[in-house]
Each structure stands twice: as structure tokens, then as C-alpha cells.
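Trainee: fold the following, please.
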Amino acid sequence: MRVKRLGRIRHTAWLEASNNPLLPDRALLLFLILSRCLASMLGAAMGTVLEIAGAPRGAKAVEWPTAALAVLIYGGWAAVTWWHAALPAWLVAALGAWLVAWHSSLQHETIHGHPTRWRAINRLLGFPPLMLWLPYDRYRDTHLQHHRDEQLTDPLEDPESAYRMPEQLERLHPLVRVLIEAQTTLLGRLVLGPAWSIGRFLGGEFRAILAGDPEIRRVMAVHLVAIVPIIFWITVVCGMNLGFYLVAIVYPGTAFILLRSFAEHRAAERVSQRTAIVENSWILGPLFLFNNLHAAHHECPGLQWYALPGWYRRNRDRLIAQNGGLVYDSYFSVARRFLLSSHDAVAHPFARLPPPQPGF
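Mentor: Residues are numbered from 1 along each chain as shown. Reported below is the predicted structural model:
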């Protein structure tokens, strides 16, 4: 009975994806076929774990496409690092960067309650720090704070905001302001952004530790322990140079994530007009687990990644009307508009964000 029910779920996802005219359906359908094969191998093991954890009978305990994706990502990362010496360096860098960025998208799914009903299991699935610099628990806490939509883009309340308050900018050294301004272009965000984001994050964590923040101390202590086996695997077991991993894999992998977030939000008075949509993402959409449909994700943050394209198709007209037409045809369109041009001013246009408009 349980196997039949899972089959019906996958068949429904198949039909939903096949009716989507805007998104990379063939890639999604192929993935669902592969996930069905992997699910048969994962079923017994995961079912046993969930029974031990106390999953209620009859509940949809596992979202198999996401579980299969996790196997693909971790297996791919292990394979690329293990056989790196037998592959061209450019291929190792390309595959490695893709996989660590894909892993970040997987972490995002686990933060939003997937692929099981149990937070501890989801956390365990997303916890390994393949990027090395970002602790999972900090990512989870700051990202959930970001989802308080009434505070979106507010540099004092939204931890993922790219804006600064005018008085903050005035206190910065002119060279720092130039570096920040450069990152309002897509080229600057991709080239300078990873180093800036990593340095700014780690600097903030270090200052919090020095200030005696017990939660940051705990999270960073756990993170430092967690990166030890990752670095051991990379350097000792696989014999890969750690500098190569950081420069050729982590840095461009972080750039992938910054590409996704570059045009996701803009400051606006209406909450619904602060979140963008990027359509026709045949390659990057699957990498970002369709988080390019960002307005849809913010309206339904708990929706599974593989259900998001169909939901977006059904609600497309309404979402575009709500967000004021903040839609890009593709990431090529984003690049054409903003590669060398500023996406928005650094200074937030409001002294403080106004309260959200009724109905929005």
C-alpha cells in the first residue's frame, strides 16, 4: 500500500511537470525518473530510520525526489574529489563548483522542512559544510529571518539585504564604498562578491564571539568540528590541494549562489513588489531548485522544489500582477541588463521601511 501511494505521488508530479510550458520540463522529468530508481534503493533504509524516529503511520514521511537529489549531490561530490587527479583541472573545478552550489540549494530545502517531517533528520541531511565557510545553523537562522516578508530588503532587519542605510555608508572608507558599489553590477557581484560575502560573514561572526555571544560561539565551535572530516577527506584521503578546493570550487560555487540572489529583491513600498521572478532558466533553474521563481517561493516557502514550477505556472498571472511586473526572461536577460550596470543604489531608499500595505 505504501509503495502504491508513493507511486501515485510521483505520477502526479510527472503530470504536473509535463504541463509546464515555461520551465525545463525535460530535465525535471528525467530527474523524476532517476529519483524513482534511487527511491527504491533508499526506501528500506530511510523507512527504518523514520520508524525509529517515530514517524506516524500513514504520513508522507519522505519526499523521494529530494532524498534522491541528496544522494546524487553527496555521491557526485565524493566522486569528483576522489577522482580529481584523473580528471582535467577545469572539469574538476566546474563539477565541484556546481555540486557545492547545488548542495547549498539542498540546504535551503532542508531549512524549509524537506525532505522529511522531522527537523533533526533534515538538519542532518543538510548539515555537512561542503562550502567550508558557512555554518548550517547560522544559514538556517538568518534565512528564516529573511522570510519575514514585511522586513524584506531592510538592511537593519533583513540579514540577506544587499542595501545599506545612508548613515552606514557615510561612516565607511571611500575605498570600501567603491567596492560595495562595484557589487551592484553583476560582474562585480560574481568577481568580488564571494570574497566580500565570506569575509564580511566571518568578520561579523568573529566580532560576535569577541563580544561574548554564546549562541554564535556554540554554532562556530560545532562548525569548526564539522569541517575537520571534510578537510580530512579532501586533503588526506583524496590528496587534493586545499587551496585549489577553496579557489577553484568554493569561490565559483559561492558565485553561483550570488548570481541567483543578485536580482531576487529590490526595495519597494509594497511588500509584494520586493521579490522578483526569473523565468526560462533551463540550466540554472534546476541548480537553484527553481528558487529563481522567487516570488512563488516567498508566497509558498514550504512548497517542494519539484512542485514549485507547476504551482508557479498556475499562479503566474497573479504573481506578476502583484509584484509589479518584476520578471526577467532568463539569467541571460539579467546579465544583459546588469553586467556592467547597477541593479539598484546601495543606499536604501527609505529611512525605515513603511508598514506593509493592507492586502499585500
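
Trainee: switch to C-alpha atoms for all contacts and neighbour counts from now on
Mentor: Fine.

Trainee: report how many residues lie close to residue 323.
Mentor: Applying other CA atoms under 10 Å, we find 20 residues neighbouring residue 323.

Trainee: I'd say it and residue 275 touch.
Mentor: Yes. Here residue 323 reaches residue 275: they are 6.7 Å apart, a contact under CA atoms under 8 Å.

Trainee: what sits in contact with each of those two?
Mentor: Residues touching both residue 323 and residue 275 by CA atoms under 8 Å, 6 or more residues apart in numbering: residue 295.

Trainee: what's the pLDDT at residue 66?
Mentor: pLDDT recorded at residue 66 is 97.

Trainee: that one - that's part of a helix, no?
Mentor: Yes. Assigned with DSSP: H, G, I helix; E, B strand; the rest coil, residue 66 falls within a helix.

Trainee: surely it and residue 113 touch.
Mentor: No. Using CA under 8 Å, residue 66 makes no contact with residue 113, being 11.3 Å away.

Trainee: between the two, who's got more neighbours?
Mentor: For residue 66 and residue 113, the more surrounded residue by other CA under 10 Å is residue 66, and the numbers stand at 23 against 19.

Trainee: export stretch 118-125 as CSV, just CAs?
Mentor: The C-alpha trace of stretch 118-125 is given here as CSV (Å, rounded to 0.1, in the frame of the first residue of the first chain):
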residue,chain,number,x,y,z
TRP,A,118,11.5,15.6,11.2
ARG,A,119,13.7,18.6,11.6
ALA,A,120,16.6,16.7,13.1
ILE,A,121,16.8,14.4,10.1
ASN,A,122,16.5,17.3,7.7
ARG,A,123,19.3,19.1,9.6
LEU,A,124,21.5,16.0,9.4
LEU,A,125,20.9,15.8,5.6
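
Trainee: so, low pLDDT: which residues of the stretch 251-360 of the chain?
Mentor: Within the stretch 251-360 of the chain, the ranges that satisfy pLDDT under 70 run 351-360.

Trainee: and the most centrally placed residue in the chain, what's its pLDDT?
Mentor: Centre of the chain computed as the mean C-alpha position; nearest residue by CA atoms, centre = their mean is residue 105, 3.7 Å away. Residue 105 carries a pLDDT value of 98.

Trainee: flag every buried residue along the host helix or strand of residue 314.
Mentor: Per DSSP states H and E: residue 314 is located in helix 308-322. Buried residues in helix 308-322, defined by neighbour count with 16 or more other CA atoms under 10 Å: 308-313, 316, 319-320, 322.

Trainee: how about stretch 180-197?
Mentor: Applying 16+ other CA under 10 Å to stretch 180-197 flags 180-190, 192-194 as buried.

Trainee: would you mind giving those residues as CSV with pLDDT, secondary structure and distance to residue 304 added?
Mentor: Conversion of the buried residues of stretch 180-197 to CSV gives the following (pLDDT from 0 to 100; DSSP: H, G, I helix; E, B strand; the rest coil; distance: CA to CA, whole Å):
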residue, pLDDT, secondary structure, distance to residue 304
180, 97, helix, 34
181, 97, helix, 35
182, 98, helix, 35
183, 97, coil, 31
184, 97, coil, 31
185, 98, coil, 31
186, 98, helix, 29
187, 98, helix, 31
188, 98, helix, 32
189, 98, helix, 28
190, 98, helix, 28
192, 98, coil, 32
193, 98, helix, 29
194, 98, helix, 28
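
Trainee: what is the most widely separated pair among the residues you listed?
Mentor: Greatest spacing in those, by CA to CA: 181 and 194 (14.8 Å).

Trainee: any idea how far residue 269 lies from residue 166?
Mentor: 17 Å (CA to CA, to the nearest Å).
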